[in-house]
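>>> kindly return the folded structure for what I paste below:
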Amino acid sequence: QKAVDRDESFARAWYNLGKIAQLRGDFDGANEAYNNAATHDGAFAAPLVNKGIIAIEQGKSDVAFELFERAAEVEKYNPQAHVNLAVLYRMRDNYPEAVQNVRKALAGDSTSLGAYNALARIYYDLEKYELAKLVCFNALKFDAEDSNIHNILGLINLRLDEVTPALTEFRKAVKSDPDFAEAHMNIGAVALSTRDYDTALKHFEEVRRLEPKNTEAILSIAVVYRGKQDLDRAMSGYREVLKLEPENARAHFNIAVMHHEI
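Next up, the predicted model:
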């Protein structure tokens, strides 16, 4: 703040103020600071990228897309801009454009783990599992403990019916990042499929701690209790899901099945 008070055109200082505001959840303040940074340095892509990330968190994917495109125009091979564009193109099932943006991200930073993760998920979606595994192995050369890479590698192994290696990868993911909700969900799902209810419950409860309104986790906990024959807790779980998502089909179906069995 003292820096911009002394020099209002100091773009990097505005950018750092934006990052602080963003970390505090003050998105309006962050966007204002990023706007100042971008205004005072037209070749500075990072403020546009971070504005795009905020837009995604606010559910404004179209706004985010435009911001990432602008960032890529400002800095042709900006890794963060192209990785995020790749993710958005993948969400739109536009895989050729997604791959193109991953390549541009890697041109800007050949060690970008975000780019490798995006590419692995693209090949995963396209059912090119061996290619996806190869991408993951290359990424692990740069960081052997990256949680996202271990998680997607676990998903790939599951699709190849390699359950034990998949579980190993998911466990590596949560070891690297104990708060990685998706990896906990995956461990829970594998445990549930083998009727290891205690392990499944442990990991689903961890997801619920991290994301209290995660209906998939709450539903999975209810399934565990149903498997353990604790029908009251199972029913309570299904009803809790319906409070959050009144039209959740799986919750309605499971309640109907339980009534039928009773």
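
>>> quick check, V49 in contact with A81.
Yes. Look at V49 against A81 with CB atoms under 8 Å: they come within range, at 5.3 Å. For every residue, glycine as well, the C-beta is placed using N, CA and C.

>>> please enumerate the shared neighbours of those two.
68, 71 (CB atoms under 8 Å, 6 or more residues apart in numbering).

>>> and M91, what's its pLDDT?
Looking at M91, its pLDDT is 94.

>>> angles on the backbone of the closest residue to it other than its chain neighbours, please.
Distances taken as CB to CB, 6 or more residues apart in numbering put S61 closest to M91, at 7.4 Å, once the chain neighbours are dropped. Main-chain torsions, S61, degrees, to the nearest 10: phi -70, psi -30.

>>> ok, S61 - contacts?
55, 88, 91.

>>> so which of these is the closest to A234?
Proximity of the contacts of S61 to A234 (CB to CB) peaks at M91, which lies at 33.4 Å.

>>> find the residue at the geometric middle of the protein.
E182 (7.9 Å; CA atoms, centre = their mean).

>>> go ahead and confirm that one touches N151.
Yes. Shown here, E182 and N151 form a contact pair, counting by CB under 8 Å, at 6.1 Å.

>>> ok, which stretches of the stretch 51-200 of the chain are helices?
61-74, 79-91, 95-108, 113-125, 129-140, 147-159, 163-176, 181-193, 197-210 (DSSP state H, counting those that start in this stretch).

>>> could you list every residue that touches A251?
So A251 contacts 215, 219, 222, 238-239, 241-242, 245 (CB under 8 Å, 6+ apart).

>>> now with 7 Å?
Contacts for A251 (CB atoms under 7 Å, 6 or more residues apart in numbering) come out as 219, 238, 241-242.

>>> with R90 instead?
By CB under 7 Å, 6+ apart, the neighbours of R90 are 98, 118, 121-122, 125.

>>> go again with 10 Å.
Contact analysis of R90 by CB atoms under 10 Å, 6 or more residues apart in numbering lists 97-99, 101-102, 118-119, 121-122, 124-125.

>>> go on, E211?
E211 neighbours (CB under 10 Å, 6+ apart): 179, 181-182, 184-185, 217-218.

>>> what are the phi and psi values for it?
Dihedral angles (degrees, to the nearest 10) for E211: phi -130, psi 80.

>>> for it, give me the pLDDT.
For E211, the model assigns a pLDDT of 96.

>>> do the same with the one 10 residues further on
Per-residue confidence (pLDDT) for I221: 97.

>>> what number of residues lie near R24?
10 (other CB atoms under 10 Å).

>>> hmm, I was thinking of I221
Other residues close to I221 by other CB under 10 Å number 24.

>>> same check, this time on H259
By the criterion of other CB under 10 Å, H259 has 9 neighbours.

>>> check which helix or strand covers it.
helix 249-261 (DSSP states H and E).
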